[in-house]
Structures are given as C-alpha cells and as structure tokens.
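**Q** sharing a model prediction with you, sequence too.
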Amino acid sequence: MINFRKIIFVCQGNTCRSPMAATIMNAKLLEAKLDILVESRGMVVLFSEPYNPKAIACAAKHDMIMPNNSASQIKNSDFDRYTLVLVMDSEMKNKIYDNYEDSINVYTLGEFTGISDLEVKDPYGKGTEEYNHVFEQLEEVVEKVYERLIKEDL
C-alpha cells in the first residue's frame, strides 16, 4: 500500500480554495503530529499573485494562520506515486490528466471522500459570506480526507 508523503490541493488560481484547504489540512496534521507535506497549486497562474485577503481572513476567523505565500502553477514535477493531488471538481481533474503527462493520484475532493456530488464552488469576486461558506465546506471535507488517510493508512 502506498503511503502518501505529500498532499497538493488544487483550485483554479491558487488564491482561495486550495490555500484554505491546505491550511486546514496542515492544522489537522500538526495537531496529530503527522509528517505529511501539504501544499497548494493552481490550474491557471499567470503571475505570482498573493493569496486572497478574504481567504486569509476566513482562516484567521477559524484560528488558523494561512501561510504568507503566493499562487503557484501546478507542474509535471508535482506528480509522483507518493503525492496525493486533490482538486475541487471533475473538470479540473480531467484537465490535469489531459495536460500533464506525469499526472497520477489525482482525485476530486468528492471522489476521494465518497461524496459523489461535491464540487467546491469558487468564491473569487464574491463577498466575505461566500468565502466563509466555502471555508466551512472545506473544513468538513478536509476532515473526511484526513479520516480516510488515517483509517486506511494511505
């Protein structure tokens, strides 16, 4: 059985959803004293844009500190047999498999957690309330990812 050593969360621009998901997972792993590297990437990152202030504020509201990082594009070197790549929706998963020849271990959050109709909507350009909703949705689903990783020793 493969034991993942790294988890990469992927969203469209790597400024909102994937950094929030990575922050939540990092908090869980730190609390459990598990040594798994967690990162986030974007599907389309045209320049190194900082994380969205609304996403940072949502994390702070939940007593989590989002790293002071900036957006990064997913690339072929991100994929290997020990890396789990979790995307927000099935369209992203299909694009990764279509565009990255080394892609492996790519799942939607819904697919990995068994929530078949789950697709995490992009809050970009919307109000704080929508960001909070997405953060809370990600908290629930990242908990399920964490439980699966621990239960199945992935």
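**A** Happy to help now that I have it.
**Q** every contact and neighbour count from this point should use C-alpha atoms.
**A** Will do.
**Q** which stretches of this structure form strands?
**A** Counting by DSSP state E, one finds strands in the chain at the ranges 6-11, 37-42, 83-87, 106-108.
**Q** which of those strands sits closest to Arg17?
**A** Arg17 sits nearest to strand 6-11 of all the strands of the chain, at 6.1 Å, using C-alpha to C-alpha.
**Q** format the strands of the chain as a markdown table; extra columns: mean pLDDT and mean neighbour count.
**A** Converted to a markdown table, the strands of the chain look like this (pLDDT from 0 to 100; neighbours: other C-alpha atoms under 10 Å):
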| stretch | mean pLDDT | mean neighbour count |
| --- | --- | --- |
| strand 6-11 | 98 | 24 |
| strand 37-42 | 97 | 22 |
| strand 83-87 | 98 | 25 |
| strand 106-108 | 97 | 22 |
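**Q** which residue sits closest to Gly110, ignoring its sequence neighbours?
**A** Leu118 (4.8 Å; C-alpha to C-alpha, 6 or more residues apart in numbering).
**Q** check contacts around the one you found.
**A** Each residue near Leu118 by C-alpha atoms under 8 Å, 6 or more residues apart in numbering is listed here: Asp89, Leu109, Gly110.
**Q** top of those by neighbour count?
**A** The most crowded member of the contacts of Leu118 is Leu109, carrying 27 neighbours; neighbours defined as other C-alpha atoms under 10 Å.
**Q** what pLDDT does the model give Phe47?
**A** Looking at Phe47, its pLDDT stands at 88.
**Q** report the contact partners of it.
**A** Residues near Phe47 by C-alpha under 8 Å, 6+ apart: Ala71.
**Q** let's see that with 10 Å instead.
**A** Gly13, Ser70, Ala71, Ser72, Gln73 (C-alpha atoms under 10 Å, 6 or more residues apart in numbering).
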